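Q: generate a structure from the sequence data that follows.
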Amino acid sequence: MRHGGTTEVAVLSLGGMVVKKSVGIAGDEMDEAIVNYFRRKYNLIIGENTAEDVKMTIGSVYPLEEEMSMNVKGRDQITGLPRTIKINSEEMRIALSEPTKQIIEIIKNTLEETPAELSADLVDCGIVLSGGGSLIRGFDKLLAQETDLPVNRADDPLTCVARGTGIFMEELDNIKHDNKF
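A: Residues are numbered from 1 along each chain as shown. Modelled structure (predicted):
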């Protein structure tokens, strides 16, 4: 299995980071949870790419207005022969529940460590999600339910962090130049 994805959680205020936490759970661990779910429930061995495809196609962590389903091909763990099963988004909520709980827990822990003076800002501005995990269906709704805070997804969540880092680096060069570091 692939490992190495992380979820970063930070509370920002006045251009600075007030509280930051990190957990080694991200998309790769969600894919692994899907692989394990298929193995346990269906005795079906699927690959990481198939798990990611399932996650992106019907993955959900919050009930959908209309449930989705898809056929998934893998190798039967008992017979060793190829087999196809139909899986739905409700089952994906079960498969993704553990990594999702862990991510929400680290978010809650970060919020609990945030200074009380920022509580009003959190209530007004809420949480902004970025990165691939923000694209999991229903994550914003589940997080809003769990935190009682407004939750929004960043515009272009897959590239916004990299673009923001680029802007920061440009500004850092300007600051260095202006201050003659």
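
Q: from G16, how far off is G131?
A: 21 Å (C-beta to C-beta, to the nearest Å). Any C-beta I mention is one placed from the backbone N, CA and C, and that applies to glycine too.

Q: more neighbours: these two, which one.
A: Neighbours were counted for G131 and for G16 using other C-beta atoms under 10 Å; G131 has more, 19 against 8.

Q: ignoring the adjacent residues along the chain, who's closest to the more buried one?
A: P157 (6.0 Å; C-beta to C-beta, 6 or more residues apart in numbering).

Q: thought the one you found was touching F139?
A: No: contact criterion C-beta atoms under 8 Å: P157 and F139 do not qualify, at 10.7 Å.

Q: still on that earlier bit, can I assume the residue nearest to G131 sits in a strand?
A: No: per DSSP: H, G, I helix; E, B strand; the rest coil, P157 lies outside any strand segment and is coil.

Q: residue contacts, it?
A: For P157, the contact set (C-beta atoms under 8 Å, 6 or more residues apart in numbering) comprises 129-132, 134-135.

Q: please redo it, this time with the cut-off set to 10 Å
A: 128-135 (C-beta atoms under 10 Å, 6 or more residues apart in numbering).

Q: E65 versus that one, what's the distance?
A: P157 is 22 Å from E65, by C-beta to C-beta.
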